[in-house]
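S.K.: quick one, fold the following:
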Amino acid sequence: MRASRVLVSALRDPESVTALDPAGWAALLTAARAERLLGTLAHRLDARTAPPSVACILADARAGAVEERRAALWEAEMTRRALVPLGIPVVLLKGTAFAAAGLDAGQGRSIGDLDILVPRDALDAAEAALRAAGWEPIKEDAYDDSYYRRWMHELPPLIHRERDRMIDVHHTILPPTARPKPDAAALLADAMPLGNGLSILSNEDIIVHAAAHLFADGDLAGGLRNLWDIDRLIREFDGEGFWVRLRERAERHDLLPAVERAARQANELYGTPIPDRWRVWDSGDPLIKRRLLARDGWGRQGYPFTRLYFYARSHLMRMPPAMLARHLWTKATKKPA
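M.R.: Okay, the predicted model is just below:
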């Protein structure tokens with residue numbers, strides 16, 4: 001059995017780890033670290049069920065997740081101080097949003113860059129304010145900088161010169177060249193205030209964004225973590241009228257296929273409760289499941305041809321073939337700086 005399957009089983013049913021031998025534990029921990037799920041796994045497991053050496057690793061992972069959460073929330077606060085006084089609405093995205101709102105999806109979660117959503121017409125002011133507060137550009141190449149500003153859904157990434165923390169400033173959740181066209185104005189209009197000048201997306205939009213990030217904007221690398229987010233979010237938000245509202249929001253953002261696929265895969269792997277009408281798989285789902293479960297006990301990703309397919313697919317989803325060909329040719333023939 002691939003280590004990724006053992007990891008999924010451990011997250012879904014923590015009691016399953018009692019059957020692991022030392023090699024099984026090593027494979028589980030290696031896969032969890034590679035998938036950036038070690039803190040989440042540590043949060044899920046009872047340390048008393050683990051061998052002493054493993055319990056120490058899990059304790060360190062829990063402590064590391066607490067520190068990542070603290071750093072992420074501080075970075076959000078620094079961003080608030082830079083932007084909110086200027087009247088720029090700031091919506092936290094992804095892991096920092098989960099942590100700031102106290103959502104289940106934030107428990108033990110690995111949090112890297114700070115991702116925020118601001119109105120497109122506020123991008124220039126937001127960038128100027130962030131630079132004045134110590135963030136600096138990473139993309140020094142003129143072509144890369146221009147590419148981000150013209151074709152991407154975010155500014156070129158910035159990094160703080162003292163804290164060494166990155167921020168991605170989004171104006172929508174998918175590149176404008178992608179086929180789906182999310183309603184960025186609706187994302188901002190329906191965001192939920194946290195009471196400190198910052199906001200997070202509405203319950204349904206958080207799930208739509210997570211599904212878009214997983215199935216409409218990438219090669220599924222790190223997919224088990226993103227799918228775990230979706231499982232936690234669905235379980236926390238499920239209630240009267242939830243599935244009707246989720247379908248309506250997914251349709252509004254032109255992302256219903258991605259959201260339906262996310263629900264099916266979460267149900268298949270993590271046992272996420274979903275309505276029967278959402279369970280009908282399509283022809284692409286088995287291959288997606290194969291890609292999600294590619295990690296072996298050494299932390300390596302297998303199935304190279306499957307990964308190559310999803311790598312190519314991710315580029316084709318982001319832009320039309322002719323534009324993609326020009327972009328790849330420019331990148332390939334560009335002289336080093």
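S.K.: what separates Val84 from Asp231, distance-wise?
M.R.: The gap separating Val84 from Asp231 is 32 Å, by Cβ to Cβ, to the nearest Å. In this view, the C-beta of every residue, glycine as well, is placed from N, C-alpha and C.
S.K.: brain fart, Ala178
M.R.: Distance from Ala178 to Asp231, by Cβ to Cβ: 25 Å.
S.K.: ok, those two, which is more surrounded?
M.R.: Higher neighbour count among Ala178 and Asp231: Asp231, with 24 against 20, using other Cβ atoms under 10 Å.
S.K.: could you pull up the residues touching that one?
M.R.: 266, 270, 272 (Cβ atoms under 8 Å, 6 or more residues apart in numbering).
S.K.: point me to the helix or strand that includes the first one.
M.R.: Read it as Ala266. Secondary structure from DSSP states H and E places Ala266 in helix 256-270.
S.K.: what helix or strand does the nearest residue to Gly24 once chain neighbours are set aside sit in?
M.R.: Once flanking residues are discounted, Gly24 sits nearest to Val6: 6.5 Å by Cβ to Cβ, 6 or more residues apart in numbering. Element membership for Val6 (DSSP H and E) is helix 3-12.
S.K.: just the strands from the chain, written as ranges.
M.R.: For the chain, strands defined by DSSP state E occupy the ranges 90-93, 114-117, 135-137, 158-160, 166-170, 192-193, 198-200.
S.K.: export those to TSV and tack on mean neighbour count, mean pLDDT and distance to Arg313?
M.R.: Formatted as TSV, the strands of the chain follow (neighbours: other Cβ atoms under 10 Å; pLDDT from 0 to 100; distance: least, Cβ to Cβ, whole Å):
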stretch	mean neighbour count	mean pLDDT	distance to Arg313
strand 90-93	23	98	23
strand 114-117	26	98	23
strand 135-137	17	93	30
strand 158-160	19	95	29
strand 166-170	20	96	22
strand 192-193	13	98	33
strand 198-200	22	98	30
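S.K.: where exactly do the helices run in the stretch 51-200 of the chain?
M.R.: All helices of the stretch 51-200 of the chain, identified by DSSP state H, counting those that start in this stretch, fall at 52-83, 94-101, 123-132, 142-151, 184-189.
S.K.: pull the residues that contact the last one.
M.R.: This means helix 184-189. Helix 184-189 is contacted by residues 89, 91, 117, 119-120, 171-173, 201, 205, 209, 252-253 when judged by Cβ under 8 Å, 6+ apart.
S.K.: quick one: low-confidence residue ranges for the chain.
M.R.: Within the chain, the stretches with pLDDT under 70 are 1, 139, 320, 324, 327-328, 331-332, 334-337.
S.K.: would you confirm that Trp25 contacts Pro51?
M.R.: Yes: contact criterion Cβ atoms under 8 Å: Trp25 and Pro51 qualify, at 6.6 Å.
S.K.: give the residue from those two that has the larger number of neighbours.
M.R.: More neighbours surround Trp25 than the other of Trp25 and Pro51, with 18 against 12 (other Cβ under 10 Å).
S.K.: how about the more buried one: what's its closest non-neighbour residue?
M.R.: Once flanking residues are discounted, Trp25 sits nearest to Val54: 5.3 Å by Cβ to Cβ, 6+ apart.
S.K.: please apply the same query to Val17.
M.R.: Of all residues not flanking Val17 in the chain, Ala10 sits nearest, at 5.2 Å (Cβ to Cβ, 6+ apart).
S.K.: repeat that for Gln265.
M.R.: Spatial nearest neighbour of Gln265, excluding adjacent residues (Cβ to Cβ, 6+ apart): Leu227 at 5.8 Å.
S.K.: does that neighbour touch Arg264 like I think?
M.R.: No: the criterion here is Cβ under 8 Å, and Leu227 misses it with Arg264 at 10.5 Å.
S.K.: more neighbours, these two?
M.R.: Leu227 (25 against 20).
S.K.: from Ala23, how far off is the more buried one?
M.R.: Computed as Cβ to Cβ, the Leu227 to Ala23 distance reads 26 Å.
S.K.: please apply the same query to Pro176.
M.R.: Counting by Cβ to Cβ, the gap from Pro176 to Ala23 is 48 Å.
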